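**Q** this one's sequence-less:
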């Protein structure tokens, strides 16, 4: 009986150790958008940038391009539909090393925020052209 209790106790301790190590080796929770592969608008992303760490998918309209600096400015789709290329809201600085899209082009990009020269910059890993959603009329 004593031997059974000791073996049972050791089994429980061993199982608890395995579970504890498995949980501690689990990857940290992904960014909120990565869980659902949701596409964020520029405005929503920038207002809540601290909530989105790791890989994020953002969609917007190219407002400015600097091929020499490998940078582009991305504005929210709704802002573009309201103001055109005139900036009436926030512009997301995006570093992109591929071929630059045209100003006015709607794009979807995957990447992550990084601190560059003391400022936050969205570093794009992928970039694809998309169609603008239809303008809502009242």
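**A** Cool, the structure landed. These figures come from a predicted structure and were not determined experimentally.

**Q** please report the distance of the spatially most central residue of the chain from residue 81.
**A** Within the chain, the residue whose C-alpha comes closest to the C-alpha centroid is residue 56; the distance, by C-alpha atoms, centre = their mean, is 1.4 Å. Remark: distance between residue 56 and residue 81 (C-beta to C-beta, to the nearest Å) = 22 Å. From N, CA and C alone the C-beta is placed, and that goes for glycine too.

**Q** residue ranges with poor pLDDT in this structure?
**A** Across the chain, residues meeting the criterion (pLDDT under 70) sit at 1-37, 135-138.

**Q** if we use 50, what do you get?
**A** Low-confidence regions of the chain, defined by pLDDT under 50, span residues 2-36.

**Q** what are the ranges of the helices in it?
**A** For the chain, the helices defined by DSSP state H occupy 2-24, 32-36, 42-47, 77-83.

**Q** list the buried residues for the last one?
**A** Of the residues in helix 77-83, those buried by neighbour count under the rule 16 or more other C-beta atoms under 10 Å are 77, 78, 79, 80.

**Q** nearest to residue 87 among these?
**A** Nearest to residue 87 among the buried residues of helix 77-83: residue 79, at 7.8 Å, using C-beta to C-beta.
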